[in-house]
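Engineer: Test case, fold it:
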Amino acid sequence: MPQQLLEYRCPACGASLQFDSGSQQVVCPYCDSSFSPQELIDYDSFLKEDAKNETSDSWSKDADRWDKDEATGLNVYTCAACGGEVLGDDTLASARCPFCDNTVIMKRQFTGEWKPDLVLPFKLDRAAAQNAFRKHLHGKKLLPKAFHSESCIEEIKGIYVPFWLFSSDVSASMRFSGTKSRAWTDGGFDYVETSRYALLRAANARFNRIPVDGSLKMDDAMMDSLEPFDFREAVDFQTAYLSGFFSDRYDVDADVSVDRAKTRFNQTMTSRVSALTGGFSSVALESSTISEHNNEREYALLPVWLLHVRWNGKLYTFAMNGQTGKLVGDLPLDKGRMWKYRLLYGGIFAAILGGLCLLGHFLGCGGGCL
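Structural biologist: Numbers count the residues shown, from 1 in each chain. The predicted model follows:
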């Protein structure tokens, strides 16, 4: 099956264009021409085509419409700039040619139901990701020395990760049992009086654009840790923002992802309503009713820098919010250095303790026992 690609070429020199996070412009790295994403809107004319015309180019696994390679989830794209092959799985939406670094965008990943509603453009570049990683390592003495070397970074990749954004009005009604106790002493006897209360509490709240990542390839806990994102800077989807970056389309649909959003709604409302039960000695939740209404969902691409570091045969992944710079990821522990520091500080502590004991003995003898 022919693979439909979209490439952003400079009108002045024909080179591949890239989105620059600093200027928020699409720039040419060769002739320094720059364009606003809106100036390149004509590239996205395919998004306006009738969805029926795009059905045959969807990602359905119908065996009659897919060849053997595609049925296994592997797709081959040909770079128009150099003729090199770009390999990608079923969710790859934009990539860079490994031979000439040209950006290619897979058009069919953005048609029909796959078209995002919003995109949150990158504000921070590759250098910012490297600096954030170095800052993350600073002061961690038990970290392997190899981690402090630039060569330890195996890959840095800017990727637009697919997210579902859920908005909802949530109502919560809860029943608690509460107690109040008072104690006193009278006539040599101790008394404790406990009063029990039935507490009814309720609250309403509006949740706006709660993000849930829609990619099986991304670790959910890591993506959650990158929050918050400022969605006031989100714009209507346009493929120009993808130029120069990788992107994936979702492979976890909204009907599945909404359960994670509801869990967050429920946890937040339970916490807020429970906070209304102050002034009691103890409080226990007995029943809870939480409902959502005026539900909305949006499909968005959010900016994430991924850094892969290999050490001691294991791959460590770090993620940075491409808008705020927040970086998350687990660091390894060099056990050799850990024992070295334990022995060092243990020896220092033992020497100090021994000195204090000797001083105490000397003072206890009045200085005449030496």
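Engineer: what about the nearest residue to residue 37 once chain neighbours are set aside, how many neighbours?
Structural biologist: Excluding the flanking residues, the one nearest residue 37 by C-beta to C-beta, 6 or more residues apart in numbering is residue 240, at 3.9 Å. C-beta: built from backbone N, CA, C; applies to glycine. Neighbours of residue 240 under the rule other C-beta atoms under 10 Å: 23.
Engineer: Angles on the backbone of residue 240, please.
Structural biologist: phi -60, psi -30 (degrees, to the nearest 10).
Engineer: ok, the closest residue in space to residue 82 that isn't next to it in sequence - contacts?
Structural biologist: Ranked by C-beta to C-beta, 6+ apart and with sequence neighbours excluded, the top spatial neighbour of residue 82 is residue 100, at 4.1 Å. For residue 100, the contacting residues are 16, 79, 81-82, 84, by C-beta atoms under 8 Å, 6 or more residues apart in numbering.
Engineer: any chance of these in CSV, with secondary structure too?
Structural biologist: Output for the contacts of residue 100, formatted as CSV (DSSP: H, G, I helix; E, B strand; the rest coil):
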residue, secondary structure
16, strand
79, coil
81, coil
82, coil
84, coil
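Engineer: can you count the residues close to the closest residue in space to residue 17 that isn't next to it in sequence?
Structural biologist: With sequence-adjacent residues excluded and distances taken as C-beta to C-beta, 6+ apart, residue 17 is closest to residue 8, at 4.0 Å. For residue 8, the neighbour count with other C-beta under 10 Å is 23.
Engineer: close enough to count as contact, residue 8 and residue 43?
Structural biologist: Yes. Look at residue 8 against residue 43 with C-beta atoms under 8 Å: they come within range, at 6.4 Å.
Engineer: what sits in contact with each of these two?
Structural biologist: Among the neighbours of residue 8, those also in contact with residue 43 (C-beta under 8 Å, 6+ apart) are 239-240.
Engineer: Okay, the residue nearest to residue 37 and residue 311: tell me how far apart.
Structural biologist: 37 Å (C-beta to C-beta, to the nearest Å).
Engineer: Would you mind pulling up the elements that the helix or strand where residue 306 lies packs against?
Structural biologist: Following DSSP states H and E, one finds residue 306 within strand 282-311. Where contact means 3 or more C-beta pairs under 8 Å, 6 or more residues apart in numbering; DSSP states H and E, strand 282-311 is packed against strand 118-119, helix 126-137, strand 153-186, strand 189-213, helix 254-274, strand 314-321.
Engineer: So in that sheet, which strands flank the first one, and in what orientation?
Structural biologist: By that I understand strand 118-119. Note on strand 118-119: by DSSP bridges, its sheet partners are strand 235-236 (antiparallel), strand 282-311 (parallel).
Engineer: domain parsing for this protein?
Structural biologist: Here the domain assignment for the chain is 5-115, 126-333, 334-370, based on automatic domain parsing.
Engineer: Tell me the helices and strands packed up against the host helix or strand of residue 221.
Structural biologist: For residue 221, the enclosing helix or strand under DSSP H and E is helix 220-225. Secondary-structure packing of helix 220-225 (3+ C-beta pairs under 8 Å, 6+ apart): strand 189-213, strand 314-321.
Engineer: Buried by neighbour count: which residues of it qualify?
Structural biologist: 222-223 (16 or more other C-beta atoms under 10 Å).
Engineer: hang on, the earlier thing: how much space separates the residue nearest to residue 17 from residue 244?
Structural biologist: 9 Å.
Engineer: what residues do those two have in common as contacts?
Structural biologist: 17-18, 103.
Engineer: Any figure for the gap between residue 12 and residue 290?
Structural biologist: Counting by C-beta to C-beta, the gap from residue 12 to residue 290 is 57 Å.
Engineer: For these two, indicate the residue with more neighbours.
Structural biologist: Just comparing residue 12 and residue 290: by other C-beta under 10 Å the higher neighbour count belongs to residue 290, 17 against 12.
Engineer: Tell me the bridge partners for the more buried one.
Structural biologist: residue 172.
Engineer: For it, list the residues it contacts.
Structural biologist: Listed by C-beta under 8 Å, 6+ apart, the contact partners of residue 290 are 170-173, 265-266, 269-270.
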